[in-house]
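1. Below: sequence and its predicted model.
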Amino acid sequence: MDASVGFIADYTHALRFEDLPADVVRLAKRSVIDTFGLAIGAFNAEPSRIARAMAERASVRDGARVIGTAHRTLPELAAFANGVMGRYLDGNDCFLGAGHPSDAIAAVLAVADTRHADGRSIITAIAAAYEVHYNLCKAVSVLAKGVDSTFYIVVAGAVGAAKILGLDRARIVETLALAVAPNIPLDTTRYGQLSMWKGCAAGAAVRNSVFAALLAQAGMTGPEKPIEGNHGIQNFVGKFELKPFGGNGRPYGIHEVTLKRFCTVAHSLSPITVALELSRLVAVEDIEKVTVYTYRFAWEINGREPEKWRPTTREAADHSLPYIVAAVLIDRGFDDEIFSDERLRDPRIRALIDKIECKEDPEITRRYPQQMPCRIEITTKSGERKIAQIDYPRGHDKNPMSDEEVSEKFRGFVQRALRSARVDQALQALWQLESASDLDEIFEALKIKA
């Protein structure tokens, strides 16, 4: 067994709800609330329907529920369906440049639902998953070129699932081995004309997380050294060292989560905020040129490829700085409806996109990821220049959303499908998650169809 696997297993096995500070419990609940809200908001999206149809191929009396329904299925299929719904709108939390830790919540919920786990167990499992995700991404993300960020999710989800199952240290070790060795996803998911898979890759990761934990529970063994062995992941991404986990006076990774105010790629949060400010100063018809200055990572993934100037899918538009900035300047607001098929064909957006240039600013790059800086300069047809900039968009851990804003975001998405009374019932239960005996009240309140 390698040291990294043992280190993760020791932490996971030892963590208790009583170890968690009150602010960590609160932040975990905020992410659970956000996950359920986004899942209901994406309930009717085509990838969500496909994922639910896959889950509904199996019916299990004591299985895990698919969010928005009463259907119980195999936990790994529920994790996939719920993971797709929670991730599809791209509104869930993130560690900057290293993926979305709340994706792992779908793995925890699926296993928790089959075991009637209480709220404290669920929060503890989520806290463990976040710590593992955070630690891995800090150690690996600078090395793992070509490896998609859902790698952290498959490991974090496996930790969360193993914690809910109550596995001993030896079985957690096997869970980690069975999660790491078969699941090295490719970063091609996030480049070019993005496909539906961009919003589904995390669902596949948590499906594999749950399957790994269930295999380990059943007695399956995995490779001895999946991380540090001669043929482990360090063999091709390079050596890395995990840092001490949160607790015992050390901060928890969840404190650095960005909980998105807007449902779009994280690197557009600052550009949206700046574009909204400038939209009040300049009429669209007066714009001659727009220059978006950002950090290198955002430029590479959201502002460099030619496809970003002519996105043809929701997923590609969601990852296009030129498209998003153009739409915001035209609408003088932001709503995820800008990614509809109709807006993708909007000639006004296409015309303004052709006036937009995205550039890396080395000074802005230097300040990322501690900050999320962006500067936008607009030159008008009369030669006037308008400039606005920001360092911390709303939702960044240095400029966090309030609990009421988190609740309002939840309501906005859930009210698309449910009456206000049930929305409030679900929200109250979610804010009191640590007192819940199981997930029944939450799933029932959020049921859209039988």
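-> Noted; the coordinates are in hand.

2. Pull the contacting residues for residue 50.
-> With contact set as C-beta atoms under 8 Å, 6 or more residues apart in numbering, residue 50 has these partners: 84, 196. Bear in mind the C-beta positions are built from the backbone N, C-alpha and C, glycine included.

3. How far off centre is whichever strand or helix holds it?
-> In this assignment (DSSP states H and E), residue 50 forms part of helix 46-55. Mean-position distance between helix 46-55 and its chain equals 19 Å (C-alpha atoms, centre = their mean, to the nearest Å).

4. ok, now stretch 330-343?
-> 21 Å.

5. looking only at pLDDT, what's the mean for it?
-> For stretch 330-343, the mean pLDDT works out to 94.

6. How about it, which residues are buried there?
-> 330, 331, 334, 336, 338, 339, 343 (16 or more other C-beta atoms under 10 Å).

7. try stretch 170-181
-> Using 16+ other C-beta under 10 Å as the test for burial, stretch 170-181 gives 171, 172, 173, 174, 175, 176, 177, 178, 179, 180, 181.

8. now, which of the buried residues of stretch 330-343 sits nearest residue 378?
-> Closest approach to residue 378 among the buried residues of stretch 330-343 (C-beta to C-beta): residue 330, at 13.1 Å.

9. wait, isn't the closest one in contact with residue 282?
-> No: the pair residue 330 / residue 282 is not scored as a contact, 11.4 Å apart, by C-beta atoms under 8 Å.

10. residues touching the spatially most central residue of the chain, list them.
-> Nearest to the geometric centre of the chain sits residue 100, at 2.9 Å (C-alpha atoms, centre = their mean). For residue 100, the contact set (C-beta under 8 Å, 6+ apart) comprises 87, 92, 93, 94, 149, 153, 202.

11. Most neighbours of all the residues you listed, which one?
-> Counting neighbours by other C-beta atoms under 10 Å, residue 153 comes out on top of the contacts of residue 100 with 35 neighbours.

12. What sits closest to that residue if chain neighbours are left out?
-> residue 205 (4.2 Å; C-beta to C-beta, 6 or more residues apart in numbering).

13. who's in contact with the one you found?
-> By C-beta under 8 Å, 6+ apart, residue 205 lies in contact with 83, 103, 150, 151, 153, 154, 157, 183, 185.

14. Just the element for it, please.
-> Under the criterion of DSSP H and E, residue 205 resides in helix 201-218.

15. Check which helices and strands the very next helix or strand once past that helix is in contact with.
-> Proceeding N to C from helix 201-218, the next assigned helix or strand is helix 234-237, under DSSP H and E. Of the remaining helices and strands, none touches helix 234-237 by 3 or more C-beta pairs under 8 Å, 6 or more residues apart in numbering; DSSP states H and E.

16. Could you pull out the buried residues of helix 234-237?
-> Under the neighbour-count criterion of 16+ other C-beta under 10 Å, helix 234-237 has 234, 237 buried.

17. Check which element follows it along the chain.
-> As assigned by DSSP H and E, the chain's next helix or strand after helix 234-237 is helix 269-279.

18. Can you pull out the residues in contact with the helix or strand following that next one?
-> For helix 269-279, the following helix or strand on the C-terminal side (DSSP H and E) is strand 287-294. Outside strand 287-294, the residues that touch it by C-beta under 8 Å, 6+ apart are 267, 270-271, 302-303, 321-322, 325-326, 329, 352, 355-361, 364, 373-381.

19. repeat for stretch 361-381
-> Contacts of stretch 361-381 (C-beta under 8 Å, 6+ apart): 96-97, 258, 266-267, 269-271, 273-275, 278, 282, 286-298, 325, 385-393, 396, 398.

20. Please spell out which residues along the one helix or strand residue 37 maps to are buried.
-> Here residue 37, judged by DSSP H and E, is contained in helix 22-41. Buried positions in helix 22-41, judged by neighbour count with 16+ other C-beta under 10 Å: 24-25, 27-41.

21. what's near enough to touch the closest residue to residue 24 other than its chain neighbours?
-> Excluding the flanking residues, the one nearest residue 24 by C-beta to C-beta, 6+ apart is residue 252, at 5.1 Å. When contacts are counted by C-beta under 8 Å, 6+ apart, residue 252 touches 21, 24, 127, 130, 131, 134, 246.

22. That concludes my questions; thank you for your assistance.
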